[in-house]
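Q: sequence and predicted structure below; questions after.
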Amino acid sequence: EAQVTQNPRYLITVTGKKLTVTCSQNMNHEYMSWYRQDPGLGLRQIYYSMNVEVTDKGDVPEGYKVSRKEKRNFPLILESPSPNQTSLYFCASRRTSGSIYNEQFFGPGTRLTVL
Amino acid sequence: GQQVMQIPQYQHVQEGEDFTTYCNSSTTLSNIQWYKQRPGGHPVFLIQLVKSGEVKKQKRLTFQFGEAKKNSSLHITATQTTDVGTYFCAGRGNTPLVFGKGTRLSVIA
């Protein structure tokens, strides 16, 4: 089944404790992206990657890191989480060639709480 | 940078009533996409519009892309309880996909 998976789905942590949220897709998509969703603010892009070893900042990159060493994986790293990073996080992927392949597939989401 | 505004933020309708959400971009778009997010779920792709003035239908849903390719709308005819959720537009210009803040639809049976 074509899908984007994220782990963990739920995480409660404390300020300053480094964490990684994993994202993996099995559709051989070139493009991957991370979003955070907060009430009243919609989906805001954190980082995106056009392909392996190519990453770029989105609208709200502060406090986050990403890496794209393999095509299928795009982990989100919070080196020193703070309470304002409490949010619902979505990973997404899509092809980059051909207009009919622009559909973004989203993972199930990771609900992060930073105390 | 590119901004995509979506209104209304919330809409409560009686089952059977129609519903429309509107999306406006600050810049001309190459295409626009619509997604639906059910409560507790993740956004799911509904459709993509590419051509100026394009209109597409999916059963009770009608999607339009403006002539100037700066605005779009989603209209649902005779809403059902299964239509509950948040509807997002997402526009692509010269930047990666930019999402509107979404319209949360509640349907009262």
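A: That came through, no problem.
Q: from now on I want contacts and neighbour counts done on CA atoms only, so please keep to that.
A: OK.
Q: can I assume B:T82 sits in a helix?
A: Yes: checked against DSSP: H, G, I helix; E, B strand; the rest coil, B:T82 lies within a helix.
Q: how far away is it from B:K70?
A: Taking C-alpha to C-alpha, to the nearest Å as the measure, B:T82 falls 29 Å from B:K70.
Q: ok, those two, which is more surrounded?
A: Neighbour totals were compared for B:T82 and B:K70, and B:K70 leads with 21 against 10 (other C-alpha atoms under 10 Å in any protein chain shown).
Q: residues contacting the more buried one?
A: Residues near B:K70 by C-alpha atoms under 8 Å, 6 or more residues apart in numbering or on different chains: B:N24, B:S25, B:S26, B:T27, B:T28, B:L29.
Q: how about the strands in chain B?
A: Taking DSSP state E as the criterion, chain B contains strands spanning B:4-7, B:10-14, B:19-25, B:31-37, B:44-49, B:55-58, B:61-65, B:71-76, B:85-92, B:98-99, B:103-108.
Q: contacts for the helix or strand of chain B with the lowest mean pLDDT?
A: Scoring the helices and strands of chain B by mean pLDDT, DSSP states H and E places strand B:98-99 at the bottom, with a mean of 92. Contact partners of strand B:98-99, identified using C-alpha under 8 Å, 6+ apart, comprise A:G42, A:L43, A:R44, B:Q2, B:Q3, B:V4, B:F88, B:C89, B:A90, B:G91, B:R92.
Q: would you list those residues in TSV and tack on pLDDT, neighbour count and distance to A:D59?
A: TSV is the format used below for the contacts of strand B:98-99 (pLDDT from 0 to 100; neighbours: other C-alpha atoms under 10 Å in any protein chain shown; distance: C-alpha to C-alpha, whole Å):
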residue	pLDDT	neighbour count	distance to A:D59
A:G42	91	17	12
A:L43	94	23	10
A:R44	94	21	6
B:Q2	76	16	11
B:Q3	87	15	11
B:V4	93	21	13
B:F88	97	28	17
B:C89	97	31	17
B:A90	95	26	14
B:G91	91	32	15
B:R92	85	19	14
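Q: possible to save those residues as TSV with distance to A:N26?
A: Output for the contacts of strand B:98-99, formatted as TSV (distance: C-alpha to C-alpha, whole Å):
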residue	distance to A:N26
A:G42	26
A:L43	23
A:R44	24
B:Q2	31
B:Q3	31
B:V4	30
B:F88	25
B:C89	25
B:A90	24
B:G91	25
B:R92	24
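Q: run through the bridge partners of A:Y48.
A: Under DSSP bridges, the beta-bridge partners of A:Y48 are A:S33, A:D56.
Q: count of residues packed around it?
A: Neighbourhood size, A:Y48 [other C-alpha under 10 Å]: 25.
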